[in-house]
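K.L.:
Need a 3D model of the following:
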Amino acid sequence: MKITRTSRISAETNVMDIDITQEQLALWESGRVLIQDAMPNIGSDEREFIMTGITPQEWDNAMGSDEEEEDDGQPSEQQEWEDYEGDNGVTEQW
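P.N.:
Below you'll find the predicted structure:
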């Protein structure tokens, strides 16, 4: 089904072909169920588009993708844990 939405980020009108039925869309639009319950067969990018009109590319441009972590100068959680283990001589074995 072709879904047309206006992006809340860019105000551009976009169209995405999404594998949902009119019944699924109506169920979600009724407000009786969450979108992930009405449309369990689609991914989060498609659900985001239906709700906000934001395309995956716009999202990545605005928020950054998961693959590209910004270096904020702070150690990652993994590095902090490794440092903690090293400083305290703590090693856990499972």
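K.L.:
isn't there a helix covering residue 5?
P.N.:
No - counting by DSSP: H, G, I helix; E, B strand; the rest coil, residue 5 is not part of a helix but strand.
K.L.:
which ones are touching it?
P.N.:
13, 14, 16, 49, 50, 52, 53 (C-beta atoms under 8 Å, 6 or more residues apart in numbering). Any C-beta I mention is one placed from the backbone N, CA and C, and that applies to glycine too.
K.L.:
And it, how far from residue 48?
P.N.:
The gap separating residue 5 from residue 48 is 10 Å, by C-beta to C-beta, to the nearest Å.
K.L.:
Number of residues surrounding the residue nearest to residue 4 when sequence neighbours are not counted?
P.N.:
In space, residue 4 comes closest to residue 15 once its chain neighbours are excluded; the distance is 5.0 Å by C-beta to C-beta, 6 or more residues apart in numbering. For residue 15, the neighbour count with other C-beta atoms under 10 Å is 11.
K.L.:
returning to what we had before: with respect to residue 74, which of the contacts of residue 5 is nearest?
P.N.:
Of all those, residue 74 sits closest to residue 52, with 29.9 Å by C-beta to C-beta.
K.L.:
residues touching that closest one, list them.
P.N.:
5, 7, 8.
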